[in-house]
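J.: No sequence on hand, only this structure:
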Ligand code: FE
């Protein structure tokens, strides 16, 4: 064998070795940026690795931090798969071009059409919802009649003057709720409603959702708005004082007679520059499986997004009286699309 051929064969062997290593890397790892930080999610991740042999490298940050990091890293980003906890933020990631379209029959079949992004030009989907949370109203059971707070519209009604506690209007959970209301009522009515809420405030918006529930329990206000899982956490707490807070308040799933309760989502996407793209899709497909849906939704006291999956969660059962409730059915990406409009309305009516 000539030296030249030997050299060429050696080079070929080396190249083959490199591509095998790359293939193994492709087979064995997925890099996850996650805004979820629930201890029960550990079971979710180990379940995936057990089922597929794919190891998960995880970076934890909040939604805004993850989106900023993806932007800063650009094409050099190691991220393959991204988990976020609000529809408007998933929409933001899509619009900012941080995701790549997902082609997956499994996901298309499992996740309802209104709980995922609208299709891209090539039919791919930018993100899917994997769990849902209701934005509910809690109230002082002694001082407030349930009938006076069983719709979102009544939060802005003069009969509830001086009673309302709510976190900042600009928080994504409220931007998403107000974006949904805009979709249901139109801009003009929504702006009047927001103005009515400002007039009804018991105090200037501050704190998180749990603080609003506590403010109702302490008597600082009579009515508050919260994501359902914050109330479920208090209900399931090992601290008696937190269970006492939950016991003091009533909860309503608003708008049962009209368009249904506003539901937000936690969801996932594949990063635009994913190097382990196939593994990223596998991971999202795993999240839609009944086993993973249980971990995913139950880990934060939420409802599964995948069709036909139910979970046994005592707090959620207690909250709904173990009965089904009516959820809104608008396409969840509309919520993100209305964000800018909503922010302008908030500025005009002075909703902090
Ligand atoms: Fe939250």
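T.: Sure thing, it's come through. Quantities reported herein were computed from a predicted structural model and do not represent experimental measurements.
J.: According to the record, where do the domains of this structure fall?
T.: 33-131+266-315, 134-262+320-349 (automatic domain parsing).
J.: With mean pLDDT and mean neighbour count as extra columns, can I get the ones you listed in CSV?
T.: (C-beta placed from N, C-alpha, C; glycine too.) As requested, the domains of the chain are exported to CSV (pLDDT from 0 to 100; neighbours: other Cβ atoms under 10 Å):
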stretch, mean pLDDT, mean neighbour count
domain 33-131+266-315, 95, 19
domain 134-262+320-349, 97, 19
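J.: which element follows the helix or strand that contains residue 135 toward the C-terminus?
T.: Using DSSP states H and E, residue 135 falls within strand 127-140. Going down the chain from strand 127-140, the next helix or strand is strand 164-165, by DSSP H and E.
J.: Touching that next one from outside, list them.
T.: Strand 164-165 is contacted by residues 155, 197, 200-203, 212, 215-216, 220-225 when judged by Cβ atoms under 8 Å, 6 or more residues apart in numbering.
J.: if we go to 10 Å?
T.: Contacts with strand 164-165, where a contact means Cβ atoms under 10 Å, 6 or more residues apart in numbering, come from 137-138, 149, 155-156, 196-207, 211-216, 220-226.
J.: Please flag which of the residues you listed sit within strands.
T.: Of the contacts of strand 164-165, the ones assigned to strands by DSSP state E are 137-138, 223-226.
J.: now, which of those sits nearest residue 187?
T.: residue 225 (20.5 Å; Cβ to Cβ).
J.: State the distance from the closest one to residue 216.
T.: Applying Cβ to Cβ, to the nearest Å, the value for residue 225 to residue 216 is 10 Å.
J.: And residue 261, by the same measure?
T.: 18 Å.
J.: sorry, back to before: the strand holding residue 135 to strand 223-227, inter-axis angle?
T.: 160 degrees (axes from the mean of the first three to the mean of the last three Cα atoms, to 10 degrees).
J.: shift numbering so it begins at 45
T.: Sure, I'll start counting at 45 from here, so that last one is strand 171-184.
J.: which ones are touching the residue nearest in space to the middle of the chain?
T.: In the chain, the centroid-proximal residue (Cα atoms, centre = their mean) is residue 310; its distance is 2.3 Å. Each residue near residue 310 by Cβ under 10 Å, 6+ apart is listed here: 79-80, 107, 127-131, 133-134, 173-177, 273, 331, 340-341, 343-344, 346, 349.
J.: what's the next secondary structure element after the helix or strand containing it?
T.: Taking DSSP H and E as the definition, one finds residue 310 inside strand 307-315. Using DSSP H and E, the helix or strand that follows strand 307-315 towards the C-terminus is helix 321-331.
J.: Now do that following helix and strand 171-184, the angle between them.
T.: Using the same axes, to 10 degrees: helix 321-331 against strand 171-184 is 40 degrees.
J.: tell me the angle the helix or strand following helix 321-331 makes with helix 321-331.
T.: Sequence-wise, the next helix or strand downstream of helix 321-331 (DSSP H and E) is helix 334-342. Direction vectors for helix 334-342 and helix 321-331, defined by the same axes, to 10 degrees, enclose an angle of 80 degrees.
J.: Which elements pack onto helix 334-342?
T.: helix 85-96, strand 171-184, strand 307-315, helix 321-331, strand 347-348, helix 358-364 (3 or more Cβ pairs under 10 Å, 6 or more residues apart in numbering; DSSP states H and E).
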